[in-house]
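Participant: Provide a 3D model corresponding to the input given below.
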Amino acid sequence: DVYKRQYQRRVRDQTLIDSSMLAATLLLCFIALSMAAGPYDAFYEDKGRADPTASHPITFFVKDKQDFVDSCPQMLEAISTPGSAQWNQQLSFGEMRQFVDEQSFERVHRFAIKHFGEERVVVSDNRDMVLVPTATVAEVEATFNCELHEFAHTEDASFVARRPLRRPKLSHHIERSVDAISGINHLPPHRAGQKPLFSTISSDDEAARKRQMTGTVSPQLLWRYYGVSNRTVASAEAKNSIFAALGQSFAPSDLAAWQQQFMLPASRIAQVIGPNTPSSCASNPNNCVEASLDVQQITSTAQLGDTTFHAIDQSVQDIFLAWIQAVQSEQSPPLVNSISYGSIATEDPKYDMQQFNHAACKAGLRGITIVVASGDDGVANFQARGNPNGCNGPFQPSYPATSPFVLAVGATQGPEEQQAEVVCSSATGGGITSGGGFSDLFKTPAYQKRTVQAYLAAQQAAGTLPPTTKFNRYGRGYPDVAAMGHNYQIEVGGNLYEGSGTSASAPVTAAMVSLINGGRLAAGKKSIGFLNPILYNTMAQNRTHFFHQITSGNNKCTASSVCCQNGFYADPNGGWNAATGNGSPKFPAWWQLLVEDLP
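Facilitator: Take a look at the predicted model:
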């Protein structure tokens, strides 16, 4: 039985984490690392000790059973591979409880009650989280024998985070019972990637306005090129979600104006979780350009569906980890989730990325798809945008696009100008450059190993492979697929803009997956869930049928005039590449396989 087997493998390279060996991180390691100089400490100024009466909620994340942590990747691949005896045998919310280590839960629960009182301790339905939402600074300091200080971000003094000045102290039995404790770890990043590059195309002169709008991506172009003919989500259960962070908001009035502009049905955002300030869109488009792009694109193609806008407060230590922990606590979360944000993986604590990765694996077991933009600055990431020195040293992969359990989406350009679809690059007028490459942390997963090895061998034979000192050739390759990413129209604050980014490609792809889920659920089937094994195995056997093959371009450049000496090139033969993945979808073929053919 695949759900009971224990997989024991040796990890030969200790600098990499095999996706089949997602060992849970003990709090001892978690705190020891986070209390050393954090990756973002240089961006903060210590403003002194926190007010002892201030609210400081904490959450204990209880360990899963170790055999489940080790076997989750194999379980997920089994239920995600057509022909497997476990194909599409997804687990329910309640069934996930069996994987929580009960002894660890009991220890953590008793500890929380002892220090905060039984009436103030909240337990998640699956007993994988113990929360104290009403904890104060003074109580946290006393419990963990530490001092909490306020830290202001040097680029934005209004952004203040709180963390212990020194390493907290915990008893051994609590250290070995949790994977993490929120609220006492490292300082958060103040930004996770860049907003899409945009400029206004509003004009009082209608003729000038029409000239400016030529060469832009409209919903109608996307439908025509990718073959999306039926755009109504066929089942109310096929819910999707837009991830938002860093203070981004959207205005329902902008969404309505967008739909009117392009003669779309009046799809609305069914639920807003977290902060959203619609009034900020008119005062400064930067406050809303990312979120507006996301909600407009996902609702344009996945029409009349149930869409959630899920915003994470920017004061949390890790926006991605906080989001996925919230998702896994929901009994009926959205089945497709689009993330248009990314940070520089080498700057993120490994324990955060490992925890996100394991949570993404668990989400896949429940039939949830996570779609992530691959980044807008090629191999060097946004730290090299406008900074040629950023090309020095190794490439900088993006997170969470490098998680083996997400669907990473790159960007293409060309169809908006009635030209061939190629790698989107600032060097070819694309505004941004599709992010892609190889993870420094996670090893190449089994589902893509053969494909990645073939690509590297072909690039080496062609003389276009970057020096191996620049990247980890044994890492998880990304992206997995791509979609148009240049010159999208965006309604913000009553004005129409155009913008470029994989942050457009991701919600477009997520919308297509939502339509597929709608078709499957309406037919009495389960959601498609984790797509990657199908992409790299079933679909890869007939690439020209399932993908628009990307045979030209590279991702050496950033979203600026800075271009590095090396990068990853498209495969002239149309295979997978580390800039646009397997290519862009041919939606009718996807629908036939995923909705009509597969049970």
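
Participant: Tell me where the stretch 351-500 of the chain has helices.
Facilitator: For the stretch 351-500 of the chain, the helices defined by DSSP state H, counting those that start in this stretch cover 449-462.

Participant: need the longest helix for the protein.
Facilitator: Taking DSSP state H as the criterion, the chain has its longest helix at helix 502-522.

Participant: Would you mind writing the CA trace of it as CSV?
Facilitator: Below are the C-alpha coordinates for helix 502-522, written out as CSV (Å, rounded to 0.1, in the frame of the first residue of the first chain):
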residue,chain,number,x,y,z
THR,A,502,5.1,36.3,-15.6
SER,A,503,2.6,37.7,-13.1
ALA,A,504,0.2,37.8,-16.1
SER,A,505,1.2,34.3,-17.4
ALA,A,506,0.5,32.7,-14.1
PRO,A,507,-3.2,33.7,-13.6
VAL,A,508,-3.9,33.0,-17.3
THR,A,509,-2.6,29.4,-16.8
ALA,A,510,-4.4,29.1,-13.5
ALA,A,511,-7.7,30.1,-15.3
MET,A,512,-7.2,27.3,-17.8
VAL,A,513,-6.7,24.8,-15.0
SER,A,514,-9.8,26.1,-13.3
LEU,A,515,-11.8,25.5,-16.5
ILE,A,516,-10.4,21.9,-16.6
ASN,A,517,-11.4,21.4,-13.0
GLY,A,518,-14.9,22.7,-13.8
GLY,A,519,-15.2,20.2,-16.6
ARG,A,520,-14.0,17.3,-14.5
LEU,A,521,-16.2,18.1,-11.5
ALA,A,522,-19.3,18.6,-13.7
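
Participant: Just give the number of residues close to S338.
Facilitator: 32 (other C-beta atoms under 10 Å). C-beta coordinates here come from the backbone N, C-alpha and C atoms, glycine included.

Participant: likewise S158?
Facilitator: 7.

Participant: Give me the residue at the spatial middle of the protein.
Facilitator: V372 (3.8 Å; C-alpha atoms, centre = their mean).

Participant: beta partners for that residue?
Facilitator: I339, A408 (DSSP bridges).

Participant: quick one: contacts for it?
Facilitator: I339, G342, P400, A401, S403, V406, L407, A408, V409, A506 (C-beta atoms under 8 Å, 6 or more residues apart in numbering).

Participant: Let's see that with 10 Å instead.
Facilitator: By C-beta atoms under 10 Å, 6 or more residues apart in numbering, the contact set of V372 is 243, 320, 337-342, 360, 398-403, 406-409, 478-480, 502, 506, 509-510.

Participant: tell me which residues in stretch 546-560 are buried?
Facilitator: For stretch 546-560, the buried set under the neighbour-count rule, 16 or more other C-beta atoms under 10 Å, comprises 546-551, 553-560.

Participant: Tell me, how many residues neighbour the closest residue in space to P285 that isn't next to it in sequence?
Facilitator: Once flanking residues are discounted, P285 sits nearest to V492: 4.3 Å by C-beta to C-beta, 6 or more residues apart in numbering. Close neighbours of V492, defined as other C-beta under 10 Å, add up to 28.

Participant: Show me what the helix or strand hosting T308 pairs with in its sheet, parallel or antiparallel.
Facilitator: Assigned by DSSP states H and E, T308 falls within strand 307-311. Strand pairing for strand 307-311, using DSSP bridges, gives strand 240-244 (parallel), strand 269-273 (parallel).

Participant: what about it, distance to the chain center?
Facilitator: Distance, stretch centre to chain centre, for strand 307-311: 14 Å (C-alpha atoms, centre = their mean, to the nearest Å).

Participant: again with stretch 144-162
Facilitator: How far stretch 144-162 lies from its chain's middle: 26 Å, per C-alpha atoms, centre = their mean.

Participant: same deal with stretch 539-555?
Facilitator: Here the centre of stretch 539-555 is set off from its chain's centre by 23 Å, with C-alpha atoms, centre = their mean.

Participant: Now it - C-alpha only, CSV.
Facilitator: The C-alpha coordinates for stretch 539-555 follow below in CSV (Å, rounded to 0.1, in the frame of the first residue of the first chain):
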residue,chain,number,x,y,z
MET,A,539,2.0,15.1,-22.6
ALA,A,540,5.7,15.0,-23.4
GLN,A,541,5.2,11.9,-25.5
ASN,A,542,3.4,14.1,-28.1
ARG,A,543,4.7,17.6,-27.5
THR,A,544,3.4,19.1,-30.8
HIS,A,545,-0.1,18.0,-29.9
PHE,A,546,-0.2,19.5,-26.4
PHE,A,547,2.2,22.5,-26.5
HIS,A,548,3.1,25.4,-28.6
GLN,A,549,6.8,24.6,-28.8
ILE,A,550,9.2,27.5,-28.0
THR,A,551,12.3,27.1,-30.1
SER,A,552,13.9,30.6,-30.0
GLY,A,553,15.2,32.9,-27.3
ASN,A,554,17.0,32.9,-24.0
ASN,A,555,16.8,34.4,-20.5
